[in-house]
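Undergrad: Predicted structure and sequence below. I'll ask about it afterward.
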Amino acid sequence: MCGIVGISHHKEAGKMAFLGLYALQHRGEEAAGIVTYDGKDTHVIKRTGLAVDNFDEDNIGKLKGHVAIAHTRYSTTGGSNIKNTQPILVTHRKKPIALAHNGNLTNTEGLYAKLEDEGSIFQTSMDSEIIVHLLAKSSNGDLKTWFTKVLAQLKGAFSTVFLYEDHIIGARDPQGFRPLCLGKLGDGYILASESCAFDLMKAEFVREVQPGEVVIIKGNKIESVFLPGAPKESKAYCIFENVYFARPDSHIFGDNVYQVRKRLGAQLAKEHPAQADFVMGIPDSGNYAALGYAQELDIPFEIGMIRNHYIGRTFIQPTQFLRDFRVRVKLNPIREMIKGKRVIVVEDSIVRGTTSRNRIQEIREAGAKEIHMRISCPPIISPCFYGIDFPSTKELIAHNKTVQEIAGFIKVDSLGYLSLEGMLSVMKEKGSFCTACFTGKYPVPIPKNTDKLQLECRGA
Ligand code: AMP
């Protein structure tokens, strides 16, 4: 998963791009980068780690230019290292092309092999690099024809922003798996994965880039074109963006994420009511559905655990050791609230089950009399090939365990998951979501080789 930003026309485009990354930090904490163009030269800073740690007044000041794109990375194809940072910046026919990509392509292997056969040499192990190679190979015609011809060859999930000289180009795959929003900033336009980025820049939300749409922006002029088949192809918005990934203050997929999560919680309460002294969420991601759940049943909502805000998303840590450490440090139960109480604990989802098990143990140790766990999405049984890091079935607890068995593993008195029908019933665009992680039904054929490190150089 990743966050992307594009700024078309601002005297401090680099600074605005940084604000965008700051707001989108939750979409990836492994690396952050900004590329700007000042009409003559490009300027680039890309580093591993958080945007907030990598940029300061000093180096942002060096990012001169009126156009910029930026990227914050959580790796889903290619290892986590400096080589695999974005935006990717290349020079083609003496002109700069930069790319920031969110999502996973599903025809990586075929395209990669073809390009290699034709003589391409790759510098990264990210599927995203394929896109710049395809651009380099077909730079005939006007911008619109050139980019649409290349993007039409891609399959799977891509929300992308490009910088090509003074142009910013935004594109979304025909299914619209990942979000991409369009805003207005002063005289120019701005693109960002989520609308929460606009608020920090005091930009105005205009609309979402449509599935299959390519927007070509120069200064204050914007042109729109659709990829072949779009917008007729069926949409497949990633429902997990709504469940967990996106920020609750964002407006994506035609809805506000906070309100969606509350509706999921209310529906969960209808499907799996329980009696308890209070409802609590696992902070922060479980809080919104917990609130909806509590309001629906008229049970008090309490904050039973406090989050240490100096620590990021637990699962966005490549090693199990760091994950475990952060799990312990991140949340602390309030014993005085929990002791002797019957509690309903709401979590947005269970993926591996390990975090939930630890949290429940902590709540139990704090003295809870009964723990009823409620999950605001259905059991996750299948991996994601479109950009969420559910890498393989063996890591998904629900893949081969029943709800009853999961309840036993997590050690709760009862466990209830929201149904698929219930989940879709509270969505505004009910028929427009990808639910493959709950059903195993993939809207775009999935690749044979599914290794995240499939493009790594393995030596002789
Ligand atoms: P667990 O009980 O270990 O499955 O952790 C569940 C929590 O981690 C939930 O809040 C999930 O939404 C969150 N989470 C989100 N994405 C992932 C992921 N890719 N892998 C693991 N956990 C995730």
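TA: Thanks, I have the structure now. Numbers count the residues shown, from 1 in each chain.

Undergrad: Would you mark the buried spots in stretch 294-305?
TA: The neighbour-count criterion (16 or more other C-beta atoms under 10 Å) identifies Ala294, Glu296, Leu297, Ile299, Phe301, Glu302, Gly304, Met305 as the buried residues of stretch 294-305. All C-beta spots, glycine's among them, are computed from the backbone N, C-alpha and C.

Undergrad: And stretch 373-389, by the same measure?
TA: Of all the residues in stretch 373-389, those buried under the rule 16+ other C-beta under 10 Å are 373-389.

Undergrad: Any stretches of the protein with poor pLDDT?
TA: When the per-residue scores of the chain are filtered using pLDDT under 70, the ranges that remain are 311-328, 449, 457-460.

Undergrad: Up against the ligand, what does it have?
TA: Within the chain, the residues that sit near the ligand (C-beta under 6 Å from any ligand atom) are 244, 285, 315, 347-356, 388-390.

Undergrad: repeat that with 8 Å
TA: Counting by C-beta under 8 Å from any ligand atom, the chain comes close to the ligand at 1, 240, 243-245, 282, 285-286, 313-315, 347-359, 388-390, 395, 397, 410.

Undergrad: Out of those, which end up buried?
TA: Restricting the residues of the chain next to the ligand to buried positions leaves 1, 240, 243-245, 282, 285-286, 313-315, 347-351, 353-359, 388-390, 397, 410, with burial counted as 16+ other C-beta under 10 Å.

Undergrad: Show only the entries of the residues you listed found in strands.
TA: Glu347 (DSSP state E).

Undergrad: What residue spans form the domains of the chain?
TA: Domain segmentation of the chain under automatic domain parsing yields 3-231, 251-439.

Undergrad: most tightly surrounded among those?
TA: The highest mean neighbour count among these, using mean count of other C-beta atoms under 10 Å, belongs to domain 3-231: a mean of 21.

Undergrad: distance between that domain and the chain's centre?
TA: Taking C-alpha atoms, centre = their mean, to the nearest Å, the mean C-alpha location of domain 3-231 is offset from the chain mean by 15 Å.

Undergrad: can you tell me how far the residue in the stretch 151-300 of the chain that the ligand sits nearest to sits from Ala32?
TA: Taking C-beta to the nearest ligand atom, the ligand has its nearest neighbour within the stretch 151-300 of the chain at Tyr244, 3.8 Å off. From Tyr244 across to Ala32, the span is 21 Å (C-beta to C-beta, to the nearest Å).

Undergrad: chain center to the longest helix belonging to the chain: distance?
TA: Counting residues, the longest helix in the chain under DSSP state H turns out to be helix 257-271. Shown here is helix 257-271, whose average C-alpha point lies 20 Å from the average C-alpha point of the whole chain (C-alpha atoms, centre = their mean).

Undergrad: And that helix, what does it pack against?
TA: Counting contacts by 3 or more C-beta pairs under 8 Å, 6 or more residues apart in numbering; DSSP states H and E, helix 257-271 packs against helix 287-297, strand 370-375, helix 420-425.

Undergrad: My read is that Asn220 contacts Asp187, right?
TA: Yes - shown here, Asn220 and Asp187 form a contact pair, counting by C-beta atoms under 8 Å, at 4.8 Å.

Undergrad: Between these two, which contacts overlap?
TA: When contacts are counted by C-beta atoms under 8 Å, 6 or more residues apart in numbering, the set common to Asn220 and Asp187 consists of His9.

Undergrad: As a check, name the ranges of all helices in the stretch 201-350 of the chain.
TA: For the stretch 201-350 of the chain, applying DSSP state H, counting those that start in this stretch gives helices covering 239-240, 257-271, 287-297, 320-330, 335-338.

Undergrad: So Ala17 belongs to a helix, correct?
TA: Yes - using DSSP: H, G, I helix; E, B strand; the rest coil, the assignment for Ala17 is a helix.

Undergrad: Might you report the residue contacts of it?
TA: Counting by C-beta under 8 Å, 6+ apart, Ala17 touches Val5, Ile7, Ile34, Thr36, Leu63, Ala68, Ile69, Ala70.

Undergrad: can we see that at 10 Å?
TA: Residues in contact with Ala17 (C-beta atoms under 10 Å, 6 or more residues apart in numbering) are 5-7, 10, 33-36, 51, 55, 60, 63, 65, 67-71, 87, 100, 190, 192, 197, 201.
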